[in-house]
Each structure stands twice: as C-alpha cells, then as structure tokens.
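> Let me see the structure of the following:
(chains A and B)
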Amino acid sequence: MRRPWRKHHEFSELESDLRAARPEPRSDLIRQLVGRVEATRVPFRRNRVRLALAGALTSGALVAFALAGGFSYTAAAASAVAHATGITKAHSSNAGGNSANSNANSNANPSANQYQEKVVICHRPPGNLSNAQTLTLSPAGAANHLKHHPDDTLGPCP
Amino acid sequence: MRDPLADPAPLVRRVYAYVAYRLGDGPDAEDVTSEVFERALRYRESYDSRKGDPAAWLIGIARRCVADAALRSTSPEPSVHEVQEEPDPAAPAVDRLTVRAAVASLDERDRELIALRYGADLTARQIAETLEMRTNAVEVALHRALGRLREVLGETGLEAPTSPHSRQEAGL
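As a prediction, the model looks like this:
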C-alpha cells in the first residue's frame, strides 16, 4: 500500500510555487550582514591563535613547576635519608654551634623550615657532654633528638 | 573547528526566507534576521559541526529570535487579506503574494513546517532534528500542512498560482 505522504507528485506544483515565492532579502541587507560577518572573521582566527599560545605557555609553566617541585622533593628525601643513616651526625660532631644548628635545620623538610613552629633544645653529644649546643629545630626534629639523646633537654643551654 | 559562517550570503537568504515566512516579509523580518546573525557571531565558537550543518544551526537560533519577536509584538498575525508587499515588477508578484498570504493564514505549526521546509530549505530529517520529532512524523505533518494550504488557496478564491517551473514539471 502506498502511504499518502509519499505522494510527492500530489503537491509538486504547490511545492514549486512555495519555493518560487520564497521571500528574498534586500541586497542591502545581504551586503550588510556579509560585511558584518567578514569583519569579525580575522579576530575570530586571531583569538584561536591567542588561545593556543596561552595554552602552550600555561602547559610549559606547569611542566617547569612540576620539575622544580620534583627536584625539591628529591632533595628533601635525600636529606631525610642522610639524617637516618647518621651522615649529618658525623658532620655535626666536628662543627661549631652555627654549623650544627644549620645541619639540624636541614633535617626538616623545606615546608617545615618555612612554615612550622620551631623548638629550641639543648643538645649534648653522647661522649662529649661538655660540648652542649643550643639547637632550633622543628617539633619533629626536636622530638627525635630528645628520644635518641637522653642528655638533651628542652630549652636553650645554660 | 569549522567556521559556520564561512559562506554567509546563502545563509542570509535562507534565514531571511524562514523568518519572512514566519513573520511576514519586511522590516520586522530584516530586524530578526540581523539579530540571528548577531547571536550567531556571539556564539560562533560554540558551533559543533557534528550536531548539524550551519544552516540548521542558524535556523535553530532563528526560531528563538522569532519566538522573542512574537512575544514583543502586540500586532495580530497577518491574515490573507492584510499581507501587503511592495510590487516587484521583475517577478510574478501576484503569485508570490497569493502564496505568502495563504501561508500567513495557516496556524503556527503549519506555518513553521512550511517555513522550515520551503523557506530555510531544510530536509525532513533536519526539520525532525530541529523540532525533536521523527522524520516520518515530519513528512506526514508537512503533507497535511500542504493540504491545508491548498484548501486555503481554494477557499479564498485564490487559485494556486502556477510558476513557470511547475508548468514545466507538469508538462504545460
């Protein structure tokens, strides 16, 4: 069975007339709107280039920051390992008060050094108790000293 | 991304034809067509070629502009006898007026379908996507709209004009 809406020939004349009667815009309107579109075409492309450039710069900056952050993290980890193996202790036993202080400070990670509260202790090296040194450490570093050196005390050396 | 306004002149004609079939030929249709292109320029970068061709995208914008214009307008819809147009000496103006006046007298749904199909020159499938209908349903609705248009042309005593093109098709 043939469906009624398939009978295109039934309205073919009317369809032709509808297309022929299609309203046409004035040539002025066409010229005006085409000009408007053309005028915005160049900035449209420039914007895309600008966006691409901004994206590339942002990506580059992110990579650079990620690399720098990675180095910093690695340095902090290496410092922690050195502290755990006693390398820094060997240094501090031969150094004066200032250098011991800086070595003790280097045991803390960079963020702790910058942002955490500091604790002052009096460090008495085992076997050389008379060579007491006042150290300013992070809370974790101070706790570590007090735990492993029974002669260390809170507060500056007398 | 493809620029939807790469070839604007044919698009202006299609949008204007759609708008003029909906609102009537003249300054209102020109204003709405200009508004359509202003919005298109604003949202040009959001165009997604996977969702349809530029004409269908623009007609989607035009539909919203027509709806806005209809809300703003307080004048009644034009009737068959109220539609007026400047005579065009280079064309069979009477035929055009007759057909446009008959289209203007249809209800909004029929007028929308006729405008999308014969003004914007969208396919039934594109119309279906625009109106969120099935393609078959669009074909049926168009068929009925054409039937009503022919009735209007008969009722008003305005015989359906026969263009040279249709005369050729009919073998006259």
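> Look at the residue lying closest to residue B:54 once chain neighbours are set aside and tell me its secondary structure.
The shortest distance from residue B:54 to any non-neighbouring residue, by CB to CB, 6 or more residues apart in numbering or on different chains, is to residue B:4 (3.8 Å). Heads up, the C-betas are built off the backbone N, CA and C, glycines and all. Classification of residue B:4 using DSSP: H, G, I helix; E, B strand; the rest coil returns coil.
> Please apply the same query to residue A:135.
Reduced to three states by three-state DSSP, residue A:135 is strand.
> Quickly list what it is bridged to.
residue A:121 (DSSP bridges).
> Quick check: it vs residue A:151, distance?
13 Å (CB to CB, to the nearest Å).
> which parts of stretch B:57-70 are buried?
B:57-59, B:61-63, B:65-66, B:69 (16 or more other CB atoms under 10 Å in any protein chain shown).
> model confidence over it, on average?
For stretch B:57-70, mean pLDDT rounds to 93.
> any idea how far it is from the chain center?
Remark: stretch B:57-70 is offset 11 Å from the chain centroid, using CA atoms, centre = their mean, to the nearest Å.
> is the lengthiest helix in chain A anywhere near chain B?
Secondary structure assigned by DSSP state H gives helix A:27-85 as the longest helix of chain A. Yes - residues of helix A:27-85 contacting chain B under CB under 8 Å from any CB of the partner chain: A:29-30, A:32-34, A:36-38, A:40-41, A:44, A:47-48.
> was I right about residue B:8 contacting residue A:33?
Yes - in this structure residue B:8 lies within contact range of residue A:33 using CB atoms under 8 Å: 6.5 Å.
> Quick check: neighbours shared by those two?
Listed as contacting both residue B:8 and residue A:33 by CB atoms under 8 Å, 6 or more residues apart in numbering or on different chains are residue B:37.
> Those two - which one has more neighbours?
residue A:33 (26 against 23; other CB atoms under 10 Å in any protein chain shown).
> quick revisit: OK, contacts around the residue nearest to residue B:54?
Contacts of residue B:4 (CB under 8 Å, 6+ apart): B:40, B:44, B:47, B:49, B:54, B:57-58.
> quick one: buried residues of the one helix or strand residue B:97 maps to?
Per DSSP states H and E: residue B:97 is located in helix B:93-104. Neighbour-count burial for helix B:93-104, with 16+ other CB under 10 Å as criterion, is recorded at B:95-104.
> could you pick out which of the residues you listed are near chain A?
Answer for these near chain A (CB under 8 Å from any CB): B:95-96, B:98-100, B:103.
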